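dropping the sequence and predicted coords here.
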Amino acid sequence: MRIFELNHVLGLHCLTQLRNKNTSITDFRRNTYVLGALLLGEATRKLEWEKYDIETPLAKCEGILVKSPVFIPILRAGLSLLNIALKFFPDAKVGMVGAQRDEKTAESSTYYQKFPEIKDQHVFILEPMLATGGTLISSIQEILLHQPKSLAIISIVAAQQGIEYLSSFENVALYTGAIDASLNQQKYIVPGLGDFGDRWSGT
Ligand code: URA
């Protein structure tokens with residue numbers, strides 16, 4: 001897996017607020033938005049585009065039109081990043097993966113998966129917390145069967161263990177705000193930021 005860790009002072013500023021357990025839901029969402037936008041900016045840097053002529057109030061001018069990629073959020077936390085992605089690419093096709101963590105065993109299982117046309121598309125999986133990588137592996141395998149042009153994961157925080165678990169996917173890229181060292185017994189990322197879905201949703 002090709003790994004890109006965002007090393008941007010604004011990203012680190014946002015991440016600090018996300019990590020802080022005293023951050024309000026309003027600030028949690030706002031910082032997710034800014035950090036997610038920075039990550040999306042990096043992840044989509046090489047998307048294809050075509051020239052497009054416009055006129056400013058003063059003169060003719062050449063612009064560009066970017067072709068929208070496909071986004072696949074992992075429910076529910078991934079919806080936070082979809083919210084941002086659709087601001088940049090309002091006509092993007094969207095797939096969904098529903099994954100649930102067993103509260104006792106901490107094992108994750110997939111209960112729903114639906115994808116749009118993926119062949120020859122640039123595809124981004126939106127998963128704010130890449131912990132064990134267990135949820136992602138079956139989704140990645142399934143997406144690769146459909147021959148995307150490229151596949152990348154966008155995450156706010158990724159654990160070293162999850163990165164190692166997915167390392168055999170040489171053609172998959174990971175764009176993350178931080179790489180954290182460990183997981184606890186409940187498979188939460190440490191230091192991490194807690195349960196992303198709960199904090200973003202307010203549950
Ligand atoms: N999912 C979360 O929301 N947080 C973690 O630390 C790991 C998985």
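Looks like it came in fine.

tell me what the longest helix along the chain is packed against?
Longest helix of the chain, by residue count under DSSP state H: helix 25-43. Secondary-structure packing of helix 25-43 (3 or more C-beta pairs under 8 Å, 6 or more residues apart in numbering; DSSP states H and E): helix 9-19, helix 79-88, strand 150-159, strand 172-180, helix 196-201. C-beta: built from backbone N, CA, C; applies to glycine.

export these to JSON lines and append columns for mean pLDDT, mean neighbour count and distance to the ligand.
Converted to JSON lines, those look like this (pLDDT from 0 to 100; neighbours: other C-beta atoms under 10 Å; distance: least, C-beta to the nearest ligand atom, whole Å):
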{"stretch": "helix 9-19", "mean pLDDT": "97", "mean neighbour count": "17", "distance to the ligand": "11"}
{"stretch": "helix 79-88", "mean pLDDT": "97", "mean neighbour count": "19", "distance to the ligand": "11"}
{"stretch": "strand 150-159", "mean pLDDT": "98", "mean neighbour count": "25", "distance to the ligand": "7"}
{"stretch": "strand 172-180", "mean pLDDT": "98", "mean neighbour count": "22", "distance to the ligand": "8"}
{"stretch": "helix 196-201", "mean pLDDT": "95", "mean neighbour count": "18", "distance to the ligand": "4"}
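
quick check: next helix or strand after the longest helix of the chain?
strand 49-55 (DSSP states H and E).

elements contacting whichever helix or strand comes after that next one?
The helix or strand immediately downstream of strand 49-55 is strand 60-66, counting by DSSP H and E. Judged by 3+ C-beta pairs under 8 Å, 6+ apart, strand 60-66 is in contact with strand 49-55.

tell me which strands the strand it packs on pairs with, and in which orientation.
Note on strand 49-55: by DSSP bridges, its sheet partners are strand 60-66 (antiparallel).
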